[in-house]
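S.K.: Sequence below, structure please.
(2 chains)
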Amino acid sequence: MEDRQKNIRNFCIIAHIDHGKSTLADRLIEKTGTLSKRELTEQVLDSMDIERERGITIKLTPTRMFYNYDGEEYTLNLIDTPGHVDFTYEVSRSLKACEGAILVVDATQGVQAQTLANVYLALENDLTIIPVINKIDLPSARVEEVKKEIEDVIGLSCKDAPLISAKEGINIEKVLESIILNIPSPKGEESKPLKALIFDSYYDNFKGAVSLVRIFDGKVTVGTKIKMMKTNRVYEVTEVGVFCPATKEVRELKAGDVGYISASIKNVSETKVGDTITYADNPTEQALDGYKDVKPMVYCGVFPVDGSRYQDLKDALEKLKLNDDSIHYSPEVSNALGFGFRCGFLGLLHLEIITERLEREFDLDIITTAPSVSYRVIKTDGTVLEVSNPSSLPAVTEIDCIEEPIASVSIFTPPEYVGNIMELCQNKRGVYLDMQYLDSNRVVLKYEIPLNEIVYDFFDGLKSRTRGYASLDYEVNKYTKSDLVKLDILLNGEKCDALSIIVHRSQAYARGKKLTEKLKEVIPRQLFELPIQACIGGKVIARETVKAMRKDVLAKCYGGDITRKRKLLEKQKEGKKRMRQVGSVEIPSEAFMTILKLDS
Amino acid sequence: MKDLSLYIHIPFCSGHKCNYCSFVSFCNKTNDMETYVKALCEEIKIRSKELAGEYSLATIYFGGGTPSCIETGLIARIMLAIKANFSIARNAEITIECNPESLTREKLEEYKLVGINRLSIGVQSFNNNVLDFIGRSHNAKVAKNAIILAGQMGFDNISVDMMLGLPAQDTVDVEKMAKWLAKHNVKHISAYSLILEKGTPMKELVDEGRLSVPSDDETVDMYNSVFAVLKKYGYQRYEVSNFAQPDYECKHNIVYWTGKEYLGLGVSAHSFMGGKRFSNTEDFDKYISSLLEKNLAVENTEILSPSQRREEEIMLSLRTKFGLDTRRLDRLYGGNFLKDKEKEIDFLAKNGFIKIDDGKIYVCENAYYVLSAIISKLI
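M.R.: The predicted structure follows:
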């Protein structure tokens, strides 16, 4: 029994974004003959268009591979992980299903923010970590320095670390060898009651909710009666299989295996990630440690450009939610944008990806409002409110104080940019904590920065001030009382709720000025002179004026070609659908997008 | 007999096409003029068979292109064909569009002889630099002489086209021109603002930044000053771009604005008959070959839905001094316009864009140039 597991290795690859994680995964798949080079489109595991285009991994995808080493055949289960800070929770999910992790470090860039963040996660989960130095073929590779960095900063020995180029396929077999020699085999017991961890799930139109599982003890086959330990619901298994990387049905999954289980489950909410699957009749006593529920960090309003497509937007969000439980949404009504949804995301990248998917996969034109964080409002009567939508902030007289989420931030950077970064953090109300030299080339800066400053334009600021060389990791760990105010925009004296933001008092004036200036550029001339004001409470802090329209007329009607005129009129009418009405002011939806882009 | 208006399209220009023009017209087909007229006469014949008994022609309008540029005698042939096949009302308004350089004594004689009683002269500007910029081949002197000559030859009903918002043009220019025309007793003036149409050389030049045109604000200033001058001289604006001395409104134009029937003949010509809009092919050769085989060359037909007809009526009537008759609208298409659009009407009236009088909506004098914005609120 134990013999079978002796030749199984369950591992994941962790890395900072762009360090070559997905490319290495491709090479492993190719080298083990799981897929031929021909079948292997670049980075097979990143299956979504967006993933491939942006070169990022969003969803985790497992793959089973076979490899002959020293006369024996090994089963290698690779679980790919996302590399971006927004998706840290997905990484921690993969880690729980593995015994080991390959840590890929870019030989030209060294240890970066997510390198460290992911290593800590792996260590928390008692995984064996194999450091791998990638991109050694590049002229700027600093192999020895990076090795030393890994040893000093992370404390991992790099004596036997494979030096590879995933892109060029150099030393891939060294990685495979190291996996087999260093990562422990699973130690489950097939005879014990079933204990399987759901580390992900997705919805399939034919099979229903499919659970991606790591079997720790027991075995499962078609017809097995299973129970979800969190919900206590019982199902009969209809299919079990593995990923190669396409799904492939197998007879059974046993202790040590990674694969999928489907059981005609209607909704992914019933296959809760982190839940333990066991036998219905002979359950295990102790469920596996699950995962923390993830909470959205960033919120924004999402509205259809064409108000009549509200239902389509709702359907699309429902469908996305099926496969991404971390999206939160609830209906919202705005005086300017009509019916839409307040959505919560893991971070800005997550927000961007979801809105892009809504537009691409569901052919929707949407307007998103400025990203906001969740504030804690303590009212004068002592009650506490969570407010993630500026327009639901209570009246000033009802507020005792407002607390905002504070992120502890680590920024990795070459030393020459320290000054620039400090200036940026200062501007963003950051509180300096610490600075450490990792080696002569790299510094890590630690700050506490309000999350609302990070979601405003911190990433762009960091990128431009460090020419893209700095990396960032953050974690929200507390709420702090802060002097926050609601900044409203008035168009012709009417409040436009979709443009309200919550800002720190010290920044209200600058933001108000920028917003009104931008609005003046993008709002077309109306039939009347239009004042645009930025206000705090009743006080106007910035004002611009759009002059009244003077010319909007169709030319002569030539030779009786009325049709052309009517077409123009119809086009104008069609365009009106994309207009938003705030009081008597008509604003093209595109204008909202332009204004809000100012935040990114 | 019912009234019908006839439009005849003459798709020829001499020399070259003006660089802002997007209409169907050719400069390299001088040899085809005769054939074209032959085809046109066929179309007149075919159409008359179904219509002649029922209709008499209240207006005839030769447009183009430049109808005056075709060889002497051809317009007469067309007129003769019309007379032979249709009955023409006794006071029919018969207009021909001309450009100043082709308006010779000989042509004027011909027009007079066949009953043409109204000239529409495409002058556009009296500023030679401006004329040069837009690719017109006449100059101010030629234009003025043509206007004077036409008057001397006994044409009383003369209309002159001027354009606003042209490159190098300013308010002083257009004011001077309007004054000259008024003083010379030109009965009707059309003042169109330049529209940069897709596919025209001028649009390309402007897009490439090689030519600049006055801003909308400047164009509106030009329009307002022309309006002020003409008003002083007793002209009335009866449509956005059209000004006339009393009783000299262009009857043919009014047909377009008031939803009456008209028949367009010739390549690319548009018609509106029996609630149906249709137009002939824009393909010159196709038009000729099809008519010479005695087949019509209609290519696009559109039957308007009631809501389209309603919208057209709103759009067209608000352009004119006659205004939008909301009771008629309610009677024809149902609803209660004044009530259904109460909010918008209130807003527009309160802000001085429209007036309401006895169930009719009129656009205010100073609001004509934002007409599209007004209309879009009302449909």
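
S.K.: Which strands and helices lie in contact with the longest helix seen in chain B?
M.R.: Longest helix in chain B by number of residues (criterion: DSSP state H): helix B:33-51. Counting contacts by 3 or more C-beta pairs under 8 Å, 6 or more residues apart in numbering or on different chains; DSSP states H and E, helix B:33-51 packs against helix B:74-85, strand B:262-265, helix B:284-292. C-betas here are computed from N, CA, C, even on glycine.

S.K.: Redo those as a markdown table? Include distance to A:Arg93.
M.R.: Below are the helices and strands packed on helix B:33-51 laid out as a markdown table (distance: least, C-beta to C-beta, whole Å):
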| stretch | distance to A:Arg93 |
| --- | --- |
| helix B:74-85 | 83 |
| strand B:262-265 | 71 |
| helix B:284-292 | 68 |
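
S.K.: Now do the strands in the stretch 51-200 of chain B.
M.R.: B:55-64, B:87-98, B:118-124, B:157-164, B:188-193 (DSSP state E, counting those that start in this stretch).

S.K.: So what's the residue count around B:Lys38?
M.R.: B:Lys38 has 16 neighbours, counted by other C-beta atoms under 10 Å in any protein chain shown.

S.K.: That one and chain A: what is the separation?
M.R.: 21 Å (C-beta to the nearest C-beta, to the nearest Å).

S.K.: which sections of chain B are below the confidence cut-off?
M.R.: Nowhere does chain B drop to pLDDT under 70.

S.K.: Outline the domain layout of it.
M.R.: Per automatic domain parsing, the structural domains of chain B span B:2-257, B:306-378.

S.K.: ok, the closest residue in space to B:Tyr111 that isn't next to it in sequence - contacts?
M.R.: Using C-beta to C-beta, 6 or more residues apart in numbering or on different chains and skipping residues adjacent in sequence, the residue nearest B:Tyr111 is B:Ile96, 6.0 Å away. Taking C-beta atoms under 8 Å, 6 or more residues apart in numbering or on different chains, we find B:Ile96 in contact with B:61-62, B:67-68, B:75, B:111, B:116, B:118-120.

S.K.: okay if I get the residues you listed as CSV plus neighbour count?
M.R.: CSV is the format used below for these (neighbours: other C-beta atoms under 10 Å in any protein chain shown):
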residue, neighbour count
B:Tyr61, 27
B:Phe62, 26
B:Pro67, 27
B:Ser68, 29
B:Ile75, 23
B:Tyr111, 27
B:Ile116, 22
B:Arg118, 24
B:Leu119, 26
B:Ser120, 23
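
S.K.: those strands in the stretch 201-350 of chain B, which residues are they?
M.R.: B:236-239, B:242-244, B:262-265, B:270-273, B:276-280, B:298-303, B:324-325.

S.K.: between the ones you listed, which one is nearest to A:Glu570?
M.R.: Closest to A:Glu570 of the strands of the stretch 201-350 of chain B is strand B:298-303 (C-beta to C-beta; 12.0 Å).

S.K.: Just give the number of residues close to the residue in the stretch 401-550 of chain A positioned nearest to chain B.
M.R.: Residue of the stretch 401-550 of chain A nearest chain B, by C-beta to the nearest C-beta: A:Arg550 (4.4 Å). Counted with other C-beta under 10 Å, residues neighbouring A:Arg550 total 20.

S.K.: Let me know the secondary structure of it.
M.R.: coil (DSSP: H, G, I helix; E, B strand; the rest coil).

S.K.: other SSEs contacting the host helix or strand of A:Tyr120?
M.R.: A:Tyr120 is part of helix A:113-124 when elements are defined by DSSP states H and E. Packing partners of helix A:113-124 (3+ C-beta pairs under 8 Å, 6+ apart): strand A:8-15, helix A:88-96, strand A:100-106, strand A:128-134, strand A:399-413, strand A:471-482.

S.K.: how far off strand A:471-482 does that helix point, in degrees?
M.R.: Relative orientation of helix A:113-124 and strand A:471-482, computed by axes from the mean of the first three to the mean of the last three C-alpha atoms, to 10 degrees: 80 degrees.

S.K.: separation between whatever residue of the stretch 301-450 of chain A ends up closest to chain B and A:Phe216?
M.R.: Using C-beta to the nearest C-beta, the closest approach of the stretch 301-450 of chain A to chain B is made by A:Asn335 at 15.8 Å. From A:Asn335 over to A:Phe216 the distance is 54 Å, taken as C-beta to C-beta, to the nearest Å.

S.K.: ditto for A:Leu123
M.R.: Counting by C-beta to C-beta, the gap from A:Leu123 to A:Phe216 is 20 Å.

S.K.: If you count surrounding residues, which of the two has more?
M.R.: A:Phe216 (21 against 15).

S.K.: Tell me which residues touch residue 338, please.
M.R.: Defaulting to chain A. So A:Gly338 contacts A:303, A:307, A:310, A:580 (C-beta under 8 Å, 6+ apart).

S.K.: meant chain B actually
M.R.: By C-beta under 8 Å, 6+ apart, the contact list for B:Leu338 reads B:326, B:345, B:356, B:359.

S.K.: what about A:Asp18, which SS state?
M.R.: The three-state label given to A:Asp18 by three-state DSSP is coil.

S.K.: Close to chain B: what parts of the stretch 51-200 of chain A are there?
M.R.: Counting by C-beta under 8 Å from any C-beta of the partner chain, no residue of the stretch 51-200 of chain A lies close to chain B.

S.K.: I'd like to know how many residues surround residue 180.
M.R.: I went with chain A, as the question did not name one. A:Ile180: 17 neighbours (other C-beta under 10 Å).

S.K.: wait, I meant chain B there
M.R.: As a burial measure, B:Trp180 scores 16 neighbours (other C-beta under 10 Å).

S.K.: wait, what's in contact with it?
M.R.: B:126, B:144.

S.K.: so how far is B:Gly209 from whatever residue of the stretch 201-350 of chain B ends up closest to chain A?
M.R.: Taking C-beta to the nearest C-beta, chain A has its nearest neighbour within the stretch 201-350 of chain B at B:Asp216, 4.0 Å off. Distance, B:Asp216 to B:Gly209, by C-beta to C-beta: 18 Å.

S.K.: Mind checking which of these two has more residues around it?
M.R.: More crowded of B:Asp216 and B:Gly209, by other C-beta under 10 Å: B:Asp216, with 17 against 7.

S.K.: Leaving out the residues flanking it, which one is nearest to that one?
M.R.: A:Lys551 (4.0 Å).

S.K.: tell me the centre residue of the chain?
M.R.: I went with chain A, as the question did not name one. A:His350 (3.3 Å; C-alpha atoms, centre = their mean).

S.K.: Chain B, not that one
M.R.: B:Asn253 (6.2 Å).

S.K.: you'd agree that residue is up against B:Asn242?
M.R.: Yes. Counting by C-beta atoms under 8 Å, B:Asn253 does reach B:Asn242; the two are 6.3 Å apart.

S.K.: Perfect, that will be all.
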